[in-house]
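**Q** Curious how this folds, go ahead:
(one chain, ligands or ions: 1)
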Amino acid sequence: MRASVGLWAALQRGAVGARAAFATPADALREVGAAHQARISAIEREAWARWVRGAGPEEPSPAQERGSGQLCDGQVAPAPQGAEGPSARAEEGHAGPSGAAGSAGAAEPPERAPLRPYQQEALEAVRSSAPANCSVVLPCGAGKTKLGSAVACDFLELHPAGCVVVLCLRREGMRQWSRELADCWGTEAVEASGACSAEALRGARVILVSYHRMLSERRRAAAAAPAAGAAEGAVAGGAGAPCPQAAPGAIAARLLAAPCGLLLADECLLRRMVPAPRIGELLRTLSGPGRRLVGLTATLLREGMGDGGAEGEGAEWPVLGSCVYRQTFANLAPEYLAPVRCVDVQVPPAGPWRRLFKEQPLAAAVCLSRGKWEVLEHLLALHAEDSVLIVVERCEQARLVASTFGIMPVDGSLPAAQMKDILERFRARKILTLVATHVLDDPGLDFPELSVMVQMGGHFASRRQEQQRLGRLLRWGPVKRRRWEESGVKPTFYVLVHKGTVEERMSRHRTRSVAGVDYEQVPASAVCCPPLSVLRGGCLFGAQPRRGRDELELEGALAAGAAAAAAEARSMEKACFELSTRVAGTLPGGGPRDRPRALLLSDVRAWLRGGELRLRAPAAAAAGSSASELSAGEGSEVSGGGTSGEARARISPPRRRG
Ligand SMILES: Nc1ncnc2c1ncn2[C@@H]1O[C@H](COP(=O)(O)OP(=O)(O)OP(=O)(O)O)[C@@H](O)[C@H]1O
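**A** Residues are numbered from 1 along each chain as shown. All right, here's what the predicted structure looks like:
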């Protein structure tokens, strides 16, 4: 919030309530800053240094206290009266050790948790489709781990000598399965992480392993196999053929050795796990008589290929068999999942960004224009007491948002321990706001109290990303549930879209894939003005607050913050635009090699449909761009005047990237 006079002023007035979202503790920011030192640019480093030097008040100043009670971090906002206990509605019969920060600390004795009706239906569908491979689609947070555990235990009851292997995305997911199986189903599982003894594997009935471990085991075993085969061949006088049993690795060998086996593929379509050729090949090696594969996923969507489950009944994913059960989150809300309000904020690109997006249409989907920054400023003030996750596409963007508003940034470069610590504090509402790249999109990440997500930009037209991000808001946490029950406030998903650009079309494609949800359309101007906004005019870019001088008569730390913010505001637009041009330069048609050429909207459309990306010579581009309006509709293809000078970019369309 260093750069926002408007936010400082709102704090003074008390319009931004207790524990302002941007009040991240300075020590935590310092830690993150240190972790990023080596990677950040000089401009960013300077911004960090400035922030750390003058980081917001550690102790609440009298002005802040007068405003709203508390500004200091780490104190959970006092619960409204009567909020504890019953209104937080612990689920009947839920004895699961969800591990979620919001599970109200209940310490019920472990007992077999009853399945919810839809989980029971899914279990029966899986049962009745045996022995064929199959998949089940349940939205994020609907309890795929519990269902999967039920499927595993059901299988072991039927086949006491059988073996179950659960493929998970990450170690955190393995731990969740392990807890669920042990505490709710009384089944001990072996976690195959680190050094895992052959002895432990031999006796294991349930093995939890990551996709990556399974692949690397297979690779290692395959590399060792020719040598082993050669030795065997020498003994037998044969030609040294590879040993087929050794090829899949120790865990696979355990599965193959059992009289019957079940492979459970969790989040099987995330990051294209199952369809990835090497995983698909591995699974095929493991399938055969007496063995079965069951996939659990939040979506069967395959970018550019329609919906594998609904249209092709699994035809898109032959290895997974058919989809035998699916539920949408709209059907499960509000009883089991939180009802989410989706708001599509229409931001008109203005000033230099308008020009940039004309020259480089794809940049509209990734870059943050001045309008988006302003909307973010107002949303932060509006949701100062909520648990907010801001998602951006690039690490640099995350860091600029972080240093501007004093928000903790999270990207893939954070050391694991630090990431874990930050996420735990976020879950416990000790840090209220994070800005993250796609690293937090994964369904396995559990933030039950997350109540606002601001999507500043997305991965082009990826419907799967839209669903994953929305999925982060679906889990119920006690505070979130209580707010909804008491005041009807729904968790909100804000999608910021550059109006009249290619991003608008991509966004429509993404949002249409979310079944049962209507996105409200709201213009950016409405978000930035009363009654929706609690700021009286934002000042991120140097404009004076509209209310006149008294607005800036701030005290103590607030005055210092506002003065620094006003000084920085002048360079804010420049910094934001520089970042946008840097980001645009990394997109197709924007690199130094491509610079003499340009992209037309029609080219982008063709690229999105899976065609080659064609970059045109400047003259052709100019001829086309005069006819090309950023808001061109579906039918208004621009011919661009011939193909002479076209170049083929070595960039695959998004559908192939998934
Ligand atoms: N039958 C049930 N009874 C009570 N609680 C349940 C039940 N099933 C699931 N839950 C709870 O719902 C929450 C979400 O479960 P889980 O993590 O398995 O969902 P998921 O579908 O795997 O989500 P994601 O796709 O985001 O990983 C957990 O807190 C879990 O304990």
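
**Q** Neighbours of V497, how many?
**A** By the measure other C-beta atoms under 10 Å, the count of residues near V497 is 28. All C-beta atoms are positioned from the backbone trio N, CA, C, and that covers glycine.

**Q** strand partners of whichever strand or helix holds it, parallel vs antiparallel please.
**A** Remark: V497 resides in strand 492-498, with elements defined by DSSP states H and E. Strand 492-498 has its sheet partners listed here by DSSP bridges as strand 341-347 (parallel), strand 452-455 (parallel).

**Q** so where's this protein uncertain?
**A** Along the chain, segments meeting pLDDT under 70 span 1-113, 225-248, 268-277, 301-317, 442-444, 536-539, 542-570, 589-658.

**Q** Residue of it nearest the ligand, please.
**A** Among all residues of the chain, G143 sits closest to the ligand, at 2.6 Å; criterion: C-beta to the nearest ligand atom.

**Q** Any residues of the stretch 101-250 of the chain in contact with the ligand? List them.
**A** By C-beta under 6 Å from any ligand atom, the part of the stretch 101-250 of the chain that sits against the ligand consists of A113, L115, R116, Q119, L138, C140, G141, A142, G143, K144, T145, K146.

**Q** pretty sure L169 is touching I279, no?
**A** No. Between L169 and I279 there is no contact under C-beta atoms under 8 Å: 11.6 Å.

**Q** picking up where we left off before, which stretch among the strands paired with strand 492-498 comes nearest A192?
**A** For A192, the closest of the strands paired with strand 492-498 is strand 452-455, at 33.8 Å, according to C-beta to C-beta.

**Q** Show the subsequent helix or strand relative to that closest one.
**A** For strand 452-455, the following helix or strand on the C-terminal side (DSSP H and E) is helix 463-471.

**Q** for the next helix-or-strand element following that next one, packing partners?
**A** Using DSSP H and E, the helix or strand that directly follows helix 463-471 along the chain is helix 478-487. For helix 478-487, there is no helix or strand it packs on, judged by 3 or more C-beta pairs under 8 Å, 6 or more residues apart in numbering; DSSP states H and E.

**Q** So helix 478-487, near the ligand or not?
**A** No. Helix 478-487 stays clear of the ligand (C-beta under 6 Å from any ligand atom), getting no nearer than 11.6 Å.

**Q** which parts of that helix are buried?
**A** Buried residues in helix 478-487, counted by 16 or more other C-beta atoms under 10 Å: P478, V479, K480, R481, R482, R483, W484.

**Q** which residues touch the last one?
**A** Meaning W484. Going by C-beta atoms under 8 Å, 6 or more residues apart in numbering, W484 touches P334, A338, P339, K490, P491.

**Q** so who does the second one touch?
**A** With contacts defined as C-beta under 8 Å, 6+ apart, the neighbours of A338 are L473, L474, R475, W476, K480, R481, W484, K490, P491.

**Q** Correct me if wrong: the second one contacts F329.
**A** The reference is to L474. Yes. Applying C-beta under 8 Å as the test, L474 and F329 come out as touching, 5.6 Å apart.

**Q** what is in contact with those two at once?
**A** Shared contacts of L474 and F329, counting by C-beta under 8 Å, 6+ apart, come down to P139, C140, A142, L337, V340.

**Q** And for the residue lying closest to the first one once chain neighbours are set aside, the neighbour number?
**A** Translated: P139. Distances taken as C-beta to C-beta, 6 or more residues apart in numbering place F329 nearest to P139, at 3.8 Å, with adjacent residues excluded. Neighbourhood size, F329 [other C-beta under 10 Å]: 26.

**Q** my guess is F329 meets L337, correct?
**A** Yes. Counting by C-beta under 8 Å, F329 touches L337, with 5.1 Å between them.

**Q** Quickly list what's touching both of the two.
**A** In terms of C-beta under 8 Å, 6+ apart, F329 and L337 are both contacted by the residues P139, A142, L474.

**Q** can you pull the contacts of A298?
**A** By C-beta under 8 Å, 6+ apart, A298 lies in contact with V137, L138, P139, C140, K144, E267, L270, P443, Q467, Q468, G471.

**Q** Is it possible to get a markdown table of the residues you listed that adds neighbour count and secondary structure?
**A** Shown next, in a markdown table, are the contacts of A298 (neighbours: other C-beta atoms under 10 Å; DSSP: H, G, I helix; E, B strand; the rest coil):
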| residue | neighbour count | secondary structure |
| --- | --- | --- |
| V137 | 25 | strand |
| L138 | 25 | coil |
| P139 | 25 | coil |
| C140 | 24 | coil |
| K144 | 24 | helix |
| E267 | 25 | coil |
| L270 | 20 | helix |
| P443 | 22 | coil |
| Q467 | 21 | helix |
| Q468 | 21 | helix |
| G471 | 23 | helix |
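
**Q** Now flag whichever of those is closest to M214.
**A** The closest of the contacts of A298 to M214 turns out to be E267 (C-beta to C-beta; 14.0 Å).

**Q** these two touch, right, the closest one and G295?
**A** No. E267 lies out of contact with G295 (C-beta under 8 Å); the separation is 9.1 Å.

**Q** Count the neighbours of R510 for me.
**A** 25.

**Q** And the strand or helix carrying it, what does it pack against?
**A** According to DSSP H and E, R510 maps onto helix 502-512. On a contact count with 3+ C-beta pairs under 8 Å, 6+ apart, helix 502-512 meets strand 341-347, helix 363-366, helix 463-471, strand 492-498, helix 601-608.

**Q** name the helices or strands packed onto the helix or strand following the second one?
**A** By that I understand helix 363-366. As assigned by DSSP H and E, the chain's next helix or strand after helix 363-366 is helix 370-382. When contacts are defined as 3+ C-beta pairs under 8 Å, 6+ apart, helix 370-382 packs onto helix 5-13, strand 341-347, strand 388-391, helix 395-405, strand 452-455, strand 492-498, helix 524-527, helix 556-585.

**Q** rerun that using 7 Å as the cut-off
**A** Contacts defined by 3 or more C-beta pairs under 7 Å, 6 or more residues apart in numbering; DSSP states H and E place helix 370-382 against helix 5-13, strand 341-347, strand 492-498, helix 524-527, helix 556-585.
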